[in-house]
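Peer 1: show me the folded form of this:
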Amino acid sequence: MNFPRESKLIKNELRDTDLRGEILSIVDQEVSNVSLITCNAGTIRSNHYHKKDFHFMYVLEGKIDYFYKSIHDENIKYFSVLPGQNVFTPSKEIHATFFPVRTKLIVSSGFPRDQATYEADTVRVKFLDNTNIQNILLKYAK
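Peer 2: Below is the predicted model of the structure:
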């Protein structure tokens, strides 16, 4: 797969369906880690970018208000990510997530998620916080 250069919703692929059920492919890419993450209502995560890593975030339940921007400009973009949707985050893109309700998601990452590897590839930035989230939601989450 040629990865997108900016965040985007990824189409899941229904691989098979029969009387037993169905198989939905949510990540058809080589990854080093798959994590199940639970986020409490009203919380913010991310506020960083990855130097080289990428990840897919598949929402099982809840909702993500997903904000992102290039490391080269201040143009903020937004997605509402709902259950059954999958968002891809490339390297070198600032991203932040707000969870208006308790949310469970599966995150599939290119790199391992041990603390040393994660910290070496992650650059933390000021983007979303409790002082600006409501104004940013009003402006972008229309």
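Peer 1: okay, now the unreliable bits of this structure?
Peer 2: Residues of the chain meeting the criterion pLDDT under 70: 1.
Peer 1: at 80 what do you get?
Peer 2: Scanning the chain for pLDDT under 80 picks out the ranges 1-2, 142.
Peer 1: residue boundaries of the helices in it?
Peer 2: 115-121, 133-140 (DSSP state H).
Peer 1: and the last one, how far out from the chain middle?
Peer 2: Same thing as helix 133-140. 18 Å (CA atoms, centre = their mean, to the nearest Å).
Peer 1: and if you look at stretch 78-93?
Peer 2: Put simply, stretch 78-93 sits 4 Å off its chain's centre (CA atoms, centre = their mean).
Peer 1: same check on stretch 127-138?
Peer 2: Taking CA atoms, centre = their mean, one finds stretch 127-138 lying 18 Å from the centre of the chain it belongs to.
Peer 1: contacts for it, please.
Peer 2: Contacting residues not belonging to stretch 127-138 are listed as Ile44, Ser46, Asn47, Asp65, Phe67, Lys69, Ile76, Ile94, Ala96, Phe98 [CB atoms under 8 Å, 6 or more residues apart in numbering]. For the C-beta atoms, the positions are set from N, CA and C on the backbone; glycine is no exception.
Peer 1: now the helices of the chain in JSON lines, please, with extra columns for distance to Pro90 and mean neighbour count.
Peer 2: Formatted as JSON lines, these follow (distance: least, CB to CB, whole Å; neighbours: other CB atoms under 10 Å):
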{"stretch": "helix 115-121", "distance to Pro90": "13", "mean neighbour count": "12"}
{"stretch": "helix 133-140", "distance to Pro90": "20", "mean neighbour count": "13"}
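Peer 1: could you dump those to TSV with distance to Arg15?
Peer 2: Putting the helices of the chain into TSV (distance: least, CB to CB, whole Å) gives the following:
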stretch	distance to Arg15
helix 115-121	30
helix 133-140	34
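Peer 1: of the ones you listed, which is nearest Ser109?
Peer 2: helix 115-121 (8.6 Å; CB to CB).
Peer 1: so who does the residue lying closest to Cys39 once chain neighbours are set aside touch?
Peer 2: Nearest residue to Cys39, sequence neighbours excluded (CB to CB, 6 or more residues apart in numbering): Phe99, at 4.1 Å. By CB under 8 Å, 6+ apart, the contact list for Phe99 reads Cys39, Asn40, Ala41, Gly42, Thr43, Ile44, Arg45, Gly62, Lys63, Ile64, Asp65.
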